[in-house]
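A.B. asks: predicted structure and sequence below. I'll ask about it afterward.
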Amino acid sequence: MDSLLRPTRPDSDHTHRLLDRAAAGDAVAACELLARHRPAMVAFVGLHLDPRLAGRLDPSDVVQEAQADIARRLDDFLHRRPMPFHLWAKKTAYERLLDARRRHLGRARRAVGREERLPDQSSLLLARPLLDDGPTPSQAAEAREFEEQVMQAVAALPESDREILLMRHADRLPFGEIGFMLGIESTAARKRFGRALIRLRNSLADAGLLGGKR
(Lines give C-alpha, C1' and ligand atoms only; values in the text may rest on other atoms or scores of the structure.)
Protein backbone atom coordinates (compact mmCIF):
# COMPACT_ATOMS: atom_id res chain seq x y z
CA MET A 1 0.00 0.00 0.00
CA ASP A 2 1.31 3.45 -0.91
CA SER A 3 2.61 5.15 2.26
CA LEU A 4 0.75 8.33 1.27
CA LEU A 5 -2.54 6.44 1.44
CA ARG A 6 -1.99 5.10 4.96
CA PRO A 7 -3.59 7.09 7.81
CA THR A 8 -0.19 7.29 9.53
CA ARG A 9 3.16 5.65 8.90
CA PRO A 10 4.63 3.40 11.62
CA ASP A 11 7.95 4.07 13.31
CA SER A 12 10.97 2.14 12.10
CA ASP A 13 12.10 -0.98 13.94
CA HIS A 14 15.13 0.94 15.20
CA THR A 15 12.92 3.66 16.68
CA HIS A 16 10.70 1.01 18.30
CA ARG A 17 13.75 -0.54 19.97
CA LEU A 18 14.88 2.85 21.25
CA LEU A 19 11.38 3.56 22.58
CA ASP A 20 11.31 0.22 24.42
CA ARG A 21 14.74 0.87 25.94
CA ALA A 22 13.79 4.41 26.95
CA ALA A 23 10.57 3.09 28.54
CA ALA A 24 12.72 0.71 30.59
CA GLY A 25 14.68 3.66 31.96
CA ASP A 26 17.61 3.76 29.54
CA ALA A 27 18.61 7.44 29.41
CA VAL A 28 21.14 6.80 26.61
CA ALA A 29 18.36 5.39 24.43
CA ALA A 30 16.27 8.50 25.05
CA CYS A 31 19.15 10.69 23.86
CA GLU A 32 19.69 8.48 20.82
CA LEU A 33 15.98 8.75 20.03
CA LEU A 34 16.13 12.55 19.96
CA ALA A 35 19.36 12.56 17.94
CA ARG A 36 17.94 10.11 15.40
CA HIS A 37 14.90 12.29 14.68
CA ARG A 38 16.60 15.68 14.83
CA PRO A 39 17.61 15.86 11.12
CA ALA A 40 14.04 15.19 9.95
CA MET A 41 12.72 17.82 12.36
CA VAL A 42 15.25 20.42 11.17
CA ALA A 43 14.40 19.70 7.53
CA PHE A 44 10.67 20.03 8.22
CA VAL A 45 11.06 23.33 10.07
CA GLY A 46 13.38 24.70 7.39
CA LEU A 47 10.86 23.90 4.68
CA HIS A 48 8.00 25.59 6.54
CA LEU A 49 9.98 28.58 7.83
CA ASP A 50 8.41 31.89 6.79
CA PRO A 51 10.88 33.64 4.42
CA ARG A 52 10.41 36.84 6.40
CA LEU A 53 12.03 35.11 9.37
CA ALA A 54 14.85 33.36 7.53
CA GLY A 55 17.42 35.96 8.56
CA ARG A 56 16.55 35.97 12.25
CA LEU A 57 15.34 32.47 13.05
CA ASP A 58 17.40 29.31 12.67
CA PRO A 59 15.52 26.00 12.21
CA SER A 60 17.99 24.37 14.61
CA ASP A 61 16.93 26.75 17.39
CA VAL A 62 13.27 25.89 16.82
CA VAL A 63 14.09 22.18 16.93
CA GLN A 64 16.15 22.62 20.09
CA GLU A 65 13.06 24.08 21.81
CA ALA A 66 10.91 21.27 20.42
CA GLN A 67 13.28 18.56 21.62
CA ALA A 68 13.45 20.10 25.10
CA ASP A 69 9.65 19.92 25.13
CA ILE A 70 9.76 16.29 23.97
CA ALA A 71 12.28 15.41 26.67
CA ARG A 72 10.00 16.88 29.35
CA ARG A 73 6.99 14.96 28.10
CA LEU A 74 8.70 11.74 27.02
CA ASP A 75 7.69 9.65 30.04
CA ASP A 76 4.02 10.37 29.44
CA PHE A 77 4.37 9.56 25.75
CA LEU A 78 6.15 6.27 26.50
CA HIS A 79 3.39 5.31 28.93
CA ARG A 80 0.59 5.94 26.41
CA ARG A 81 2.25 5.79 22.96
CA PRO A 82 -0.82 7.39 21.36
CA MET A 83 0.83 7.82 17.94
CA PRO A 84 4.10 7.06 16.10
CA PHE A 85 7.01 8.90 17.67
CA HIS A 86 8.12 10.44 14.36
CA LEU A 87 4.71 12.09 14.00
CA TRP A 88 4.72 13.41 17.57
CA ALA A 89 8.21 14.82 17.09
CA LYS A 90 7.25 16.58 13.85
CA LYS A 91 4.04 17.92 15.37
CA THR A 92 5.96 19.30 18.35
CA ALA A 93 8.45 20.99 16.01
CA TYR A 94 5.59 22.49 14.00
CA GLU A 95 3.96 23.86 17.16
CA ARG A 96 7.23 25.49 18.23
CA LEU A 97 7.61 26.95 14.73
CA LEU A 98 4.13 28.48 14.90
CA ASP A 99 4.96 29.88 18.35
CA ALA A 100 8.16 31.42 16.99
CA ARG A 101 6.30 32.87 14.03
CA ARG A 102 3.79 34.56 16.33
CA ARG A 103 6.55 35.73 18.68
CA HIS A 104 8.73 37.27 15.99
CA LEU A 105 6.01 38.73 13.79
CA GLY A 106 3.37 39.61 16.38
CA ARG A 107 4.68 42.94 17.62
CA ALA A 108 5.65 44.13 14.16
CA ARG A 109 2.54 42.77 12.44
CA ARG A 110 1.53 46.09 10.90
CA ALA A 111 4.94 46.79 9.42
CA VAL A 112 5.47 43.22 8.28
CA GLY A 113 1.98 43.07 6.84
CA ARG A 114 2.88 45.80 4.40
CA GLU A 115 5.84 43.81 3.13
CA GLU A 116 5.34 41.49 0.22
CA ARG A 117 5.83 37.92 1.37
CA LEU A 118 8.99 36.88 -0.41
CA PRO A 119 8.70 33.69 -2.47
CA ASP A 120 11.14 30.89 -1.73
CA GLN A 121 12.34 27.59 -3.15
CA SER A 122 9.63 25.62 -1.33
CA SER A 123 7.20 27.13 -3.85
CA LEU A 124 8.80 25.02 -6.56
CA LEU A 125 8.42 21.87 -4.49
CA LEU A 126 4.69 22.30 -3.91
CA ALA A 127 3.97 23.37 -7.50
CA ARG A 128 6.17 20.82 -9.27
CA PRO A 129 3.52 18.03 -9.54
CA LEU A 130 1.38 20.33 -11.70
CA LEU A 131 4.15 21.60 -13.97
CA ASP A 132 5.75 20.27 -17.09
CA ASP A 133 9.53 20.41 -17.08
CA GLY A 134 10.74 23.98 -17.13
CA PRO A 135 13.81 25.26 -18.94
CA THR A 136 16.95 23.15 -18.76
CA PRO A 137 19.73 24.18 -16.34
CA SER A 138 21.80 25.36 -19.32
CA GLN A 139 19.14 27.98 -20.03
CA ALA A 140 19.97 29.82 -16.82
CA ALA A 141 18.13 33.08 -17.51
CA GLU A 142 14.98 31.31 -18.69
CA ALA A 143 15.13 28.88 -15.77
CA ARG A 144 15.38 31.71 -13.26
CA GLU A 145 12.50 33.57 -14.87
CA PHE A 146 10.42 30.40 -14.81
CA GLU A 147 11.19 29.87 -11.11
CA GLU A 148 10.28 33.46 -10.29
CA GLN A 149 6.94 33.11 -12.08
CA VAL A 150 6.15 29.92 -10.16
CA MET A 151 7.13 31.53 -6.87
CA GLN A 152 4.94 34.56 -7.48
CA ALA A 153 1.97 32.37 -8.45
CA VAL A 154 2.39 30.36 -5.23
CA ALA A 155 2.84 33.53 -3.14
CA ALA A 156 -0.60 34.66 -4.31
CA LEU A 157 -2.19 31.73 -2.45
CA PRO A 158 -3.45 31.97 1.15
CA GLU A 159 -0.88 30.79 3.69
CA SER A 160 -3.14 27.90 4.74
CA ASP A 161 -3.13 26.64 1.14
CA ARG A 162 0.65 26.81 0.92
CA GLU A 163 1.04 24.92 4.18
CA ILE A 164 -1.17 21.98 3.24
CA LEU A 165 0.28 21.78 -0.27
CA LEU A 166 3.78 21.70 1.19
CA MET A 167 2.83 18.95 3.62
CA ARG A 168 1.45 16.84 0.80
CA HIS A 169 3.77 17.60 -2.13
CA ALA A 170 7.06 18.35 -0.35
CA ASP A 171 6.84 16.53 3.01
CA ARG A 172 4.77 13.76 1.35
CA LEU A 173 2.63 13.22 4.42
CA PRO A 174 -0.47 11.00 4.34
CA PHE A 175 -3.74 12.83 4.93
CA GLY A 176 -4.03 11.27 8.39
CA GLU A 177 -0.73 12.86 9.40
CA ILE A 178 -1.62 16.17 7.74
CA GLY A 179 -4.87 16.21 9.69
CA PHE A 180 -3.00 15.57 12.93
CA MET A 181 -0.52 18.35 12.19
CA LEU A 182 -3.32 20.82 11.48
CA GLY A 183 -5.71 19.64 14.20
CA ILE A 184 -8.42 18.46 11.79
CA GLU A 185 -9.86 15.13 10.63
CA SER A 186 -8.12 13.35 7.75
CA THR A 187 -11.22 13.71 5.57
CA ALA A 188 -11.20 17.46 6.20
CA ALA A 189 -7.48 17.56 5.36
CA ARG A 190 -8.16 15.77 2.07
CA LYS A 191 -10.92 18.23 1.15
CA ARG A 192 -8.82 21.25 2.17
CA PHE A 193 -5.96 19.93 0.05
CA GLY A 194 -8.28 19.46 -2.93
CA ARG A 195 -9.50 23.05 -2.72
CA ALA A 196 -5.93 24.35 -2.32
CA LEU A 197 -4.82 22.31 -5.33
CA ILE A 198 -7.55 23.86 -7.48
CA ARG A 199 -6.52 27.36 -6.41
CA LEU A 200 -2.87 26.55 -7.13
CA ARG A 201 -3.73 25.20 -10.56
CA ASN A 202 -5.72 28.35 -11.33
CA SER A 203 -2.93 30.61 -10.09
CA LEU A 204 -0.36 28.81 -12.24
CA ALA A 205 -2.70 28.94 -15.26
CA ASP A 206 -3.26 32.66 -14.77
CA ALA A 207 0.52 33.10 -14.85
CA GLY A 208 0.67 31.18 -18.14
CA LEU A 209 2.56 28.28 -16.61
CA LEU A 210 0.06 25.53 -17.51
CA GLY A 211 -0.40 26.33 -21.14
CA GLY A 212 -3.57 28.31 -20.38
CA LYS A 213 -5.37 25.17 -19.15
CA ARG A 214 -7.26 25.01 -15.88
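C.D. replies: Yep, it's here. Numbers count the residues shown, from 1 in each chain.

A.B. asks: where does pLDDT dip in the chain?
C.D. replies: For the chain, applying pLDDT under 70 flags the ranges 1-6, 106-120, 132-142, 211-214.

A.B. asks: tell me the domain boundaries of it?
C.D. replies: Residue ranges for each domain of the chain read 10-112, 119-206, as given by automatic domain parsing.

A.B. asks: would TSV of the ones you listed with mean neighbour count be doable?
C.D. replies: Quick note: C-beta positions are derived from backbone N, CA and C, even for glycine. Formatted as TSV, those follow (neighbours: other CB atoms under 10 Å):
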stretch	mean neighbour count
domain 10-112	16
domain 119-206	17
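
A.B. asks: may I ask which helix or strand encompasses Val154?
C.D. replies: Applying DSSP states H and E as the criterion places Val154 in helix 140-155.

A.B. asks: after that helix, next one along is what?
C.D. replies: Assignment by DSSP H and E places the next element after helix 140-155 at helix 159-165.

A.B. asks: just checking, what packs against that following helix?
C.D. replies: Packed against helix 159-165 by the contact rule (3 or more CB pairs under 8 Å, 6 or more residues apart in numbering; DSSP states H and E) you find helix 122-127, helix 175-182, helix 186-206.

A.B. asks: compare these and give me the one nearest Gln67.
C.D. replies: Taking CB to CB, helix 175-182 is the member of these nearest to Gln67, at 17.5 Å.

A.B. asks: who are the packing partners of that closest one?
C.D. replies: helix 85-106, helix 159-165, helix 186-206.

A.B. asks: roughly how far does Ser123 sit from His104?
C.D. replies: As judged by CB to CB, to the nearest Å, Ser123 and His104 stand 21 Å apart.

A.B. asks: element containing the closest residue to Trp88 other than its chain neighbours, please.
C.D. replies: In this structure, Trp88 finds its nearest non-sequential neighbour in Phe77, 6.3 Å apart by CB to CB, 6 or more residues apart in numbering. Element membership of Phe77 [criterion: DSSP H and E] is helix 59-80.

A.B. asks: just the residues contacting that helix, thanks.
C.D. replies: Contact with helix 59-80 is made by 19, 22-23, 30, 34, 38, 41-42, 45-46, 49, 85, 88-89, 92-93, 95-97, 100, as judged by CB atoms under 8 Å, 6 or more residues apart in numbering.

A.B. asks: for stretch 29-40, same thing?
C.D. replies: The contact list for stretch 29-40 (CB under 8 Å, 6+ apart) reads 14-15, 18-19, 21-22, 63, 67, 70-71, 74, 85-86, 89-90.

A.B. asks: how about stretch 91-107?
C.D. replies: So stretch 91-107 is contacted by 41, 44-45, 48-50, 52-53, 56-57, 62-63, 65-66, 69-70, 112, 180-181 (CB under 8 Å, 6+ apart).

A.B. asks: dihedrals phi and psi, the residue nearest to Asp11 when sequence neighbours are not counted?
C.D. replies: Distance criterion CB to CB, 6+ apart; nearest residue to Asp11, sequence neighbours excluded, is Pro84 at 4.7 Å. Dihedral pair for Pro84: phi -60, psi 140, per degrees, to the nearest 10.
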